[in-house]
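K.L.:
please find the sequence and the predicted model below.
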Amino acid sequence: MFFKIAINNVKRSFRDYSIYFLTLTLAVCIFYSFNSIESQNAILELNKNKTFMMTMDKLIAGTSVFVSFVLGGLIVYANKFLIKRRKKELGIYMTLGMSKGKISKILILETLLIGVLSLITGIVLGIIASQGLSVLVVNILAEDLNKYKFIISLSAVIKSVVYFGIIFLLVMIFNQRTISKYKLIDMLNAAKKNEEVKLKNSFVSVVIFIVSVGLLAASYIRILKSGLGAENADLIITVLMGAIGTLFFFFSLSNFFIHIVQKSKRIYLKDINIFVLRQINNKINTNFLSMTLICLMLFLTITLIFAAFDIKGSIDRSSAKNRDFDASAFLVVNNESTDPKVNNIEEYVKDINFTFEAHEKHVFYHDYKLNIKIEDVLAKYLSKQEQIELEENYLDGEISALKVSDYNSILKLKGQEAINLNENEVLVVSNYSQVNSALPEYMENENTIEIDNKTYTIKNETPIEESIKNTGSANFFYLIIPDSFNGELQLEFTSFNVMYDDNNFEKSEEKFSTLFTKLSEDKYRHINPALVIGSTREQEKDRENGMAASVVFLGLFLGLIFIISSAAVMALQQLSDASDSLERYKSLRRIGVTEKLINKAILRQSLIYFLVPLGLAVVHSIVGMRAESDNFTFHYQSIIISSLVLFIIYGAYFYATYVGVKNIIRNNN
């Protein structure tokens, strides 16, 4: 009997459950999609990269746990709305003699039915969506698209069932506790309770609104001036100012808005705008705290998705310029030792019986440190923010140097022409953006540099952005000095670069990747204690693509969950408000308001309610991205993709909410 009642209730109340069902289905779909990534062939191909695989496993596992807590809270919130919506129905059950235990049993069965249905639908949609995500993985990792295969991840299915099973179990327990606390009189009179308006005085609302705008403007100015690299205390103050400004904005917005609109009688008295404005006033005023949180979550969502795609692009662009060689390695010099096997990489490779084949063109060279610091040279041309970043990246120390003969041997290896350098000349080679922003101005105004009390002319007019070794996405700044340089030099690294012959590429790649893997695992420590670090172009590419994939996964996963959570909460609030406002809509009908005008009013209310937090979140995001424009260059591709994702999900919830509210009002006619 209980099962039959539960099925009938779900069928009868499906319109009430539609937002709940949509939220659960999307949540399961996204959860499955991201947890199935580790089963994709393109990822499995990277099993040889143990560091990347461990990072991906930890990232997905950790994020899944965090997301499960977010979704758990959202589902409990949504379930609370459903019970509130049905208080009167449950009260009628009690008047007919049904015990609270039996009512709880019906709710448990309903929750179970919805849970099973959403799990099945979500996993099916997740299997479809994960295929698109897998293609994205293949592209990010720059793998062959032929490696893509249609895969159903059993582990992701099990994980989805287990995580959401636990969430639904908690929801059932929550339902029982909630029902046990309700009194019959409260259930029967639930629809008669009105919201409590928090702010009624229009003058106070105007003052608070002006204060909120002032706080937001001040926080924007501070963050644009200092960026995210500000001192911790300053950054915390800026964030608090922005958060408090956002809270005050929503607390005062509705009354302030009505106060402004009332000035224009033509707008205020048109159709049923008075009713629409009062409805919006009640909604925003009573839900100002949740709207503040939703606005901040949307801000995080927009920033996360934009940044994720842009960081991926930045990594691709940066690393492409820093992988000119098929393989590179360097030995960290111990200046306290005089043993050539410890301080010379050429002796080191002989010591471990590693040899270069004839088809593996290579050069050995030495990296030095000069007795001059970057900040000494460029201090007055670097902004305060750039100086802070130099210090944070430990690049405020001595400038690196390479002798021109070594530099020419590297150019020759790459098939480029050698350069001539006089005894009083130096050449600047750099890919470090913060340094490069100041170097042209320095070269234009001071085309010389003083090293150990001797003045050298800088031969080039702008920095040469050219690789000295494979550095991945790392930054470097070198001065190319004459071989006859007699200033103070400290040997820092001894290094080699290699270029393979195309006919033996795979053989050489396997040989050097094996060498560098053993070096990273200290397999030669018993032979030679020197620290040698190296990588092949392919290893660097895998590592950087893996890093880009991790950033995109994290940004998309969290971004999508935040969008769903924000939109679902707003939708549920709208539906709840519609249930509480039924008498108001009946009154409109009594005075002759047409159904068309009522539907128009519902559309306006829903649109304004959804757009207000989104609009402020967009402003926050624009300011935040502008503050970080020195670190990120937001490209139109990332903006289009992010906007499309936001528009589809947020728009779907808006439309579902509008239809749901309209049905609730119409069905109670």
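P.N.:
Happy to help now that I have it.

K.L.:
pLDDT below threshold where in the stretch 101-250 of the chain?
P.N.:
Residue ranges of the stretch 101-250 of the chain with pLDDT under 70: 101, 134-149, 178-202, 227-232.

K.L.:
what ranges do the helices span in it?
P.N.:
With helices called from DSSP state H, counting those that start in this stretch, the stretch 101-250 of the chain shows them at 154-181, 184-188, 202-226, 232-261.

K.L.:
what do you get for the stretch 351-500 of the chain?
P.N.:
Here the stretch 351-500 of the chain has its helices, by DSSP H, counting those that start in this stretch, at 374-378, 384-392, 404-413, 433-445.

K.L.:
and those helices, which one's lowest on average pLDDT?
P.N.:
Of all these, the minimum mean pLDDT falls on helix 384-392 (a mean of 59).

K.L.:
Phe249: what's its closest spatial neighbour, skipping adjacent residues?
P.N.:
Leaving aside its sequence neighbours, Phe249 sits nearest to Ser212 (CB to CB, 6 or more residues apart in numbering; 4.1 Å). Placement of C-beta: from N, CA and C, glycine included.

K.L.:
that should have said Ile480, apologies.
P.N.:
Leaving aside its sequence neighbours, Ile480 sits nearest to Leu427 (CB to CB, 6+ apart; 3.8 Å).

K.L.:
ok, that neighbour - contacts?
P.N.:
Applying CB atoms under 8 Å, 6 or more residues apart in numbering, we find Leu427 in contact with Val404, Tyr407, Ile419, Leu421, Ile458, Lys459, Asn460, Ile464, Leu479, Ile480.

K.L.:
and the pLDDT at the closest residue in space to the first one that isn't next to it in sequence?
P.N.:
Leaving aside its sequence neighbours, Val404 sits nearest to Leu421 (CB to CB, 6+ apart; 4.5 Å). Predicted confidence (pLDDT) for Leu421: 88.

K.L.:
stretch 643-653: how far from the chain's middle?
P.N.:
Its chain's C-alpha centre and that of stretch 643-653 lie 17 Å apart, by CA atoms, centre = their mean, to the nearest Å.

K.L.:
any residues touching that stretch, and which ones?
P.N.:
So stretch 643-653 is contacted by 19, 22, 26, 301-302, 305, 559-560, 563-564, 567-568, 570-571, 610, 614 (CB under 8 Å, 6+ apart).

K.L.:
and with 7 Å instead?
P.N.:
Stretch 643-653 is contacted from outside by Ile302, Ile305, Ile563, Ile564, Ala567, Ala568, Ala571, Leu614, using CB atoms under 7 Å, 6 or more residues apart in numbering.

K.L.:
so which of the residues you listed sit within helices?
P.N.:
Ile302, Ile305, Ile563, Ile564, Ala567, Ala568, Ala571, Leu614 (DSSP state H).

K.L.:
just those: which has the poorest pLDDT?
P.N.:
pLDDT is lowest at Ile305 among the ones in helices among the contacts of stretch 643-653; the value there is 77.

K.L.:
does that one touch Gly559 like I think?
P.N.:
Yes - at 4.2 Å, Ile305 and Gly559 qualify as touching, with contact defined as CB atoms under 7 Å.

K.L.:
farthest pair within the ones in helices among the contacts of stretch 643-653?
P.N.:
Largest separation among those by CB to CB: Ile305 and Ala571, giving 20.5 Å.

K.L.:
please name the nearest non-neighbouring residue to Gly126.
P.N.:
Closest to Gly126 by CB to CB, 6+ apart is Tyr32, at 3.1 Å.

K.L.:
which residues does the one you found contact?
P.N.:
Listed by CB under 7 Å, 6+ apart, the contact set of Tyr32 reads Gly122, Ile123, Gly126, Ser130, Ala156, Val157, Ser160.

K.L.:
which one's the longest strand in the chain?
P.N.:
Across the chain, the longest stretch assigned as strand under DSSP state E is strand 360-373.

K.L.:
tell me how far that strand lies from the chain's centre.
P.N.:
Per CA atoms, centre = their mean, the centroid offset for strand 360-373 relative to its chain is 38 Å.

K.L.:
re the thing from before, would you write a ChimeraX line that selects the buried entries of the contacts of Leu427?
P.N.:
For the buried members of these, the matching ChimeraX selection, counting by 16 or more other CB atoms under 10 Å, is:
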select :404,407,421,458,459,460,479,480
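
K.L.:
which member of the contacts of Tyr32 is positioned nearest Glu357?
P.N.:
Ranked by distance to Glu357 (CB to CB), the contacts of Tyr32 are led by Ser130 at 43.5 Å.

K.L.:
what's the burial count for the closest one?
P.N.:
Other residues lying near Ser130 total 27 when counted by other CB atoms under 10 Å.

K.L.:
check whether it really touches Phe31, as I assumed.
P.N.:
No - Ser130 is beyond contact range of Phe31, at 10.6 Å (criterion: CB under 7 Å).

K.L.:
identify the contacts common to the two.
P.N.:
Common contacts of Ser130 and Phe31 (CB under 7 Å, 6+ apart): none found.

K.L.:
pull the number of nearby residues for the nearest residue to Asn431 once chain neighbours are set aside.
P.N.:
With CB to CB, 6+ apart as the criterion, Asn431 has its nearest non-adjacent residue at 4.8 Å, and that residue is Glu465. Using other CB under 10 Å, Glu465 has 14 neighbouring residues.

K.L.:
separation between Glu465 and Val213?
P.N.:
44 Å (CB to CB, to the nearest Å).

K.L.:
again with Gln131
P.N.:
For Gln131, the distance to Val213 - CB to CB - is 47 Å.

K.L.:
okay, the two: which has more neighbours?
P.N.:
Neighbours were counted for Gln131 and for Val213 using other CB under 10 Å; Gln131 has more, 18 against 15.
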